[in-house]
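Engineer: here is my input, please return the structure:
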Amino acid sequence: MFDAREKIALFIDGANLYATSKALGFDIDYKQLLVCFHKKGYLLRAYYYTALLEDQEYSSIRPLIDWLDYNGYRVVTKPAKEYTDSSGRRKVKGNMDIELAIDAMELSDTVDHMVLFSGDGDFRKLVEALQRRGRKVSVISTVSSQPPMISDDLRRQADYFIDLMALKQEIGRDPSERPQRPVADNFDDDEDGEDY
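Structural biologist: Prediction:
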């Protein structure tokens, strides 16, 4: 499936991968994910796409985004849009499909093997277009959850389908292993009277 001589690019639909790994009961270790694909070929790029709620003072995804940005990923974000649906429920919309598709097409002259982390059926036409340009496309999602997290059309279009569950040993971590956030405390422990 992978050839050590291939140039590889990863395209991670952040929201989709999060939902898939959550459905399978594990977290993604993004450092190990890079290690895993460095072993499979020449990893040229690893993109991570997500929408952010910009008006929130703190976003729970911000520490992950910052870590990815400093550790080998190209992070692509845009502001999410908040709206109220017809039943009065607050909804958030932040689709990154176009950004991912444009980046994949722009890299298609340079990369031999595209790896898409998403089960979104909207990407079927992108996979088909990349294949017409002579590129191999692997899709990573799961059929191990109920319901499956991958569109049947996308799975059939891909050159290779890799179930995320098959990568759990290499790139997974139990949610209980999440690093704990340090608790901020304002105690004065030095002699000059400054808090730290």
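
Engineer: and the helix or strand of the chain with the lowest mean pLDDT, how far out from the chain's middle?
Structural biologist: Lowest by mean pLDDT, DSSP states H and E among the helices and strands of the chain is strand 90-93, with a mean of 77. Distance of strand 90-93 from the chain centroid (C-alpha atoms, centre = their mean, to the nearest Å) equals 20 Å.

Engineer: tell me which other helices or strands the next helix or strand after that strand touches.
Structural biologist: Note on strand 90-93: by DSSP states H and E, the next helix or strand toward the C-terminus is helix 97-107. Here helix 97-107 is seen to pack against strand 7-13, strand 42-52, strand 74-79, strand 113-117, helix 124-132 when contacts are counted using 3 or more C-beta pairs under 8 Å, 6 or more residues apart in numbering; DSSP states H and E. C-beta here means a position set from N, CA and C on the backbone, and glycine is covered the same way.

Engineer: how about these in TSV, adding mean neighbour count, distance to residue 88 and mean pLDDT?
Structural biologist: Conversion of the helices and strands packed on helix 97-107 to TSV gives the following (neighbours: other C-beta atoms under 10 Å; distance: least, C-beta to C-beta, whole Å; pLDDT from 0 to 100):
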stretch	mean neighbour count	distance to residue 88	mean pLDDT
strand 7-13	23	29	98
strand 42-52	20	22	95
strand 74-79	16	23	94
strand 113-117	25	34	98
helix 124-132	17	34	98
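
Engineer: where does this protein dip in pLDDT?
Structural biologist: Within the chain, the stretches with pLDDT under 70 are 55-58, 177-196.

Engineer: can you do 80?
Structural biologist: Applying pLDDT under 80 to the chain flags the ranges 53-60, 90-93, 174-196.

Engineer: for residue 26, which of the helices and strands packed on helix 97-107 is the nearest?
Structural biologist: In terms of C-beta to C-beta, the element of the helices and strands packed on helix 97-107 nearest to residue 26 is strand 113-117, at 14.3 Å.

Engineer: show me the contact partners of that closest one.
Structural biologist: Strand 113-117 has contacts (C-beta atoms under 8 Å, 6 or more residues apart in numbering) with 2-3, 6-13, 16-17, 37, 41, 104, 107-108, 123, 126-127, 130, 135-141, 158.

Engineer: quick check: angle from that strand to strand 7-13?
Structural biologist: Put simply, strand 113-117 runs at 20 degrees to strand 7-13, going by axes from the mean of the first three to the mean of the last three C-alpha atoms, to 10 degrees.

Engineer: can you give the distance of strand 113-117 from its chain's centre?
Structural biologist: A distance of 11 Å separates the centroid of the chain from that of strand 113-117, by C-alpha atoms, centre = their mean.
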